[in-house]
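**Q** sharing a sequence plus its predicted fold:
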Amino acid sequence: MLKDITIGQYYPGRSVLHRCDPRLKLVATIAYIVVLFVAANPLGIALSLLLLAALYRVAKIPGKMILRSLKPIVPIVIFTAVLNLFFVTGEGEPLVQFWVFHIYAEGVRYAILLAVRVCALIAGTSLLTYTTSPIVLTDAIENLLRPLAKVHFPVHELAMMMTIALRFIPTLIEETEKIMNAQKARGAMLDTGKFTQRIKALVPILIPLFISAFRRADELAMAMECRCYHGGEGRTRLKQLRFTATDVRCTLVIAAALAVIVSTRFFVPGLV
């Protein structure tokens with residue numbers, strides 16, 4: 001399961017999306033998330049999925065990467081959908097009725113649309129990290145938040161923390177896998193037993209993981225000090241962020257697609 005977590009992973013490529021300005025991709029991702037919850041009807045959700053599928057096709061990212069990004073959240077999606085299935089009421093007679101629970105047609109539609117929305121949200125944010133390296137993404141965040149520096153907001157420090165966090169997520173996942181395999185080799189029962197027993201079995205994993213994380217953080221801080229790192233003041237970049245004609249065309253296409261999806265809210269009756 002841990003190997004299926006793809007947060008922070010970069011999929012190298014030379015597609016149009018890989019070459020786009022990271023600021024455009026970051027803003028487009030935020031706009032896509034907003035549009036997902038503005039489009040309150042099946043047509044809007046279907047168009048959102050169609051747009052996402054087209055972007056994945058342009059980026060030439062294999063379908064198994066999409067499934068890997070969605071697999072860890074399946075239990076959460078199912079749990080949330082089931083809750084909405086039972087607690088959303090509607091008009092008319094319920095489809096299913098037992099004890100104190102009533103399932104209405106509106107609840108079924110709401111649960112399905114909510115599950116699809118969450119999956120599309122995760123797939124959309126995963127596309128951002130697949131096509132943008134953490135370093136470039138940090139430069140984009142710092143550039144977009146630069147106006148806040150006038151009110152003494154630590155823009156560079158925030159961007160640096162986000163970069164380090166994204167960079168070390170795969171490392172910590174790999175470290176966790178090694179610790180779990182070492183504990184299993186010593187006879188730890190991590191995959192069997194009662195729920196309370198599994199919780200107790202996590203203690204021998206969490207303690208070495210925290211120690212390893214703190215050691216890595218100390219080594220990273222020492223390495224940054226040895227390289228005379230003193231924050232973003234006077235820092236230069238090898239590659240400057242510049243909008244190109246390709247970025248302008250991509251902006252127009254994505255903006256038009258998102259506008260069409262939003263327009264379905266006003267012409268098609270919403271369900272949720």
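**A** Yes, it's here. Numbers count the residues shown, from 1 in each chain.

**Q** just the pLDDT at Thr251, thanks.
**A** Thr251 is assigned 91 on the pLDDT scale.

**Q** hmm, it is touching Lys25, no?
**A** No: with contacts counted by Cβ atoms under 8 Å, Thr251 stays clear of Lys25, the gap being 10.4 Å. Placement of C-beta: from N, CA and C, glycine included.

**Q** higher neighbour count, the two?
**A** Between Thr251 and Lys25, Lys25 has the larger neighbour count (other Cβ atoms under 10 Å), namely 24 against 16.

**Q** part of a helix, is the more buried one?
**A** Yes: assignment of Lys25 by DSSP: H, G, I helix; E, B strand; the rest coil places it within a helix.

**Q** any idea of the pLDDT on it?
**A** In the predicted model, Lys25 carries a pLDDT score of 92.

**Q** surely it meets Val16?
**A** No: between Lys25 and Val16 there is no contact, the gap being 11.0 Å when judged by Cβ under 8 Å.

**Q** tell me what the helix or strand hosting Glu177 is packed against?
**A** In this assignment (DSSP states H and E), Glu177 forms part of helix 155-185. The criterion is 3 or more Cβ pairs under 8 Å, 6 or more residues apart in numbering; DSSP states H and E, and the helices and strands that helix 155-185 contacts are helix 134-144, helix 203-226.

**Q** same list (the ones you listed) but as JSON lines, adding distance to Phe98, mean neighbour count and mean pLDDT.
**A** Putting the helices and strands packed on helix 155-185 into JSON lines (distance: least, Cβ to Cβ, whole Å; neighbours: other Cβ atoms under 10 Å; pLDDT from 0 to 100) gives the following:
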{"stretch": "helix 134-144", "distance to Phe98": "49", "mean neighbour count": "20", "mean pLDDT": "82"}
{"stretch": "helix 203-226", "distance to Phe98": "40", "mean neighbour count": "12", "mean pLDDT": "86"}
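
**Q** looking at those, spot the one closest to Lys239.
**A** Of all the helices and strands packed on helix 155-185, helix 134-144 sits nearest to Lys239, with 7.8 Å by Cβ to Cβ.

**Q** that closest one vs helix 155-185, what angle?
**A** The directions of helix 134-144 and helix 155-185 differ by 150 degrees, with axes from the mean of the first three to the mean of the last three Cα atoms, to 10 degrees as the criterion.

**Q** so what's Val108 closest to, chain neighbours aside?
**A** Leaving out its chain neighbours, the residue that sits closest to Val108 by Cβ to Cβ, 6 or more residues apart in numbering is Leu85, at 6.4 Å.

**Q** er, Met160 I mean
**A** Using Cβ to Cβ, 6+ apart and skipping residues adjacent in sequence, the residue nearest Met160 is Thr138, 6.8 Å away.

**Q** what's near enough to touch that neighbour?
**A** Under the criterion of Cβ atoms under 8 Å, 6 or more residues apart in numbering, the contact partners of Thr138 comprise Ala159, Met160, Met162, Thr163.

**Q** hmm, which two among those are most spread apart?
**A** Taking Cβ to Cβ as the measure, the contacts of Thr138 reach their widest spread between Met160 and Met162, a distance of 7.3 Å.

**Q** what about the two, which has more around it?
**A** Set Met160 next to Met162 and count neighbours by other Cβ under 10 Å: Met160 wins out with 18 against 15.

**Q** now that one: how far from Val151?
**A** The span separating Met160 from Val151 equals 19 Å under the rule Cβ to Cβ, to the nearest Å.

**Q** ok, Thr196 next?
**A** When distance is defined by Cβ to Cβ, Thr196 is 49 Å away from Val151.

**Q** same question, Leu67
**A** Taken as Cβ to Cβ, the spacing of Leu67 relative to Val151 amounts to 43 Å.

**Q** how about Arg23?
**A** Note on Arg23: its distance to Val151, by Cβ to Cβ, is 21 Å.

**Q** the more surrounded of these two?
**A** Using other Cβ under 10 Å as the criterion, Arg23 and Val151 rank with Arg23 on top: 18 against 6.

**Q** surely that one and Leu144 touch.
**A** Yes: taking Cβ under 8 Å as the definition, Arg23 is a contact partner of Leu144 at 5.8 Å.

**Q** what is the burial count for Leu51?
**A** Here the neighbour count serves as a burial measure; for Leu51 (other Cβ under 10 Å) it reads 20.

**Q** thank you kindly, that will do.
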